[in-house]
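In: no FASTA, just this:
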């Protein structure tokens, strides 16, 4: 009945326009298919590195003798690093003798670490260039990687050994304070069942 009234009315064509617009607004529109981005490698920034395969930060750590995480096993179990002790010397209230000993320990370690880092960088560069020049084979690869692994091992021993020495340069109170200042709370040497020498 309502439709009959609408048909007789001059507004009949407008009725269909309104109904059509309403229906069109109610339909669910499917999103247009966006092109799928091509996955990219997280290694792309390394293409511009002086030694592809190492980041600029990793190269810098090896050049400067920085810890680069090699001594985390010591640091996180209550054996402090000399660089961090020097950074916290005021808060730790180091004596002059302690400061001199820690500084000497750090300087000796850092000198050796720079030398090892230089050797590692040369070896890393040789491997990377061999791949870049397509001049590598399985035998030379195995030999080069074994030598490189040994050199990295020497560097890690150096950093860990330095933490092992540094722990004896602080008093028990300073060790507790060091770990608190570094955010390790109640970590002490021997917490994992090892006796402090």
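Out: Cool, the structure landed. Please read all numbers here as calculations on a predicted model, not as lab measurements.

In: wait, residue 162 sits on residue 75?
Out: No. Between residue 162 and residue 75 there is no contact under C-beta atoms under 8 Å: 10.8 Å. Every C-beta, even on glycine, is put in place using the N, C-alpha and C of the backbone.

In: Counting neighbours, go ahead and name the busier of those two.
Out: Taking other C-beta atoms under 10 Å, residue 162 and residue 75 do not tie; residue 162 has more neighbours (25 against 21).

In: OK, contacts around the more buried one?
Out: Listed by C-beta atoms under 8 Å, 6 or more residues apart in numbering, the contact set of residue 162 reads 71, 81-82, 105-106, 109.

In: any idea how far residue 37 is from it?
Out: 46 Å (C-beta to C-beta, to the nearest Å).

In: same thing with residue 129?
Out: Taking C-beta to C-beta, one finds residue 129 at 32 Å from residue 37.

In: of the two, who's got more company?
Out: residue 129 (13 against 6).

In: Now name the helix or strand holding that one.
Out: helix 96-132 (DSSP states H and E).

In: How about residue 144?
Out: Using DSSP H and E, residue 144 falls in helix 138-166.

In: what comes up buried for that helix?
Out: Neighbour-count burial for helix 138-166 flags 144, 148, 151-152, 155-156, 158-160, 162-163, 166 (criterion: 16 or more other C-beta atoms under 10 Å).

In: circling back to that earlier point, tabulate the contacts of residue 162 (a markdown table), appending distance to residue 94, pLDDT and neighbour count.
Out: Formatted as a markdown table, the contacts of residue 162 follow (distance: C-beta to C-beta, whole Å; pLDDT from 0 to 100; neighbours: other C-beta atoms under 10 Å):
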| residue | distance to residue 94 | pLDDT | neighbour count |
| --- | --- | --- | --- |
| 71 | 20 | 95 | 24 |
| 81 | 14 | 95 | 25 |
| 82 | 11 | 97 | 24 |
| 105 | 12 | 98 | 20 |
| 106 | 12 | 97 | 20 |
| 109 | 17 | 97 | 23 |
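
In: Look up the pLDDT of residue 97 for me, please.
Out: Looking at residue 97, its pLDDT is 97.

In: What count of nearby residues applies to it?
Out: For residue 97, using other C-beta under 10 Å, the count is 9.

In: Can you get me a residue count around the closest residue to residue 65 other than its chain neighbours?
Out: Closest residue in space to residue 65, ignoring its immediate chain neighbours: residue 113 at 3.3 Å, by C-beta to C-beta, 6 or more residues apart in numbering. For residue 113, the neighbour count with other C-beta under 10 Å is 25.
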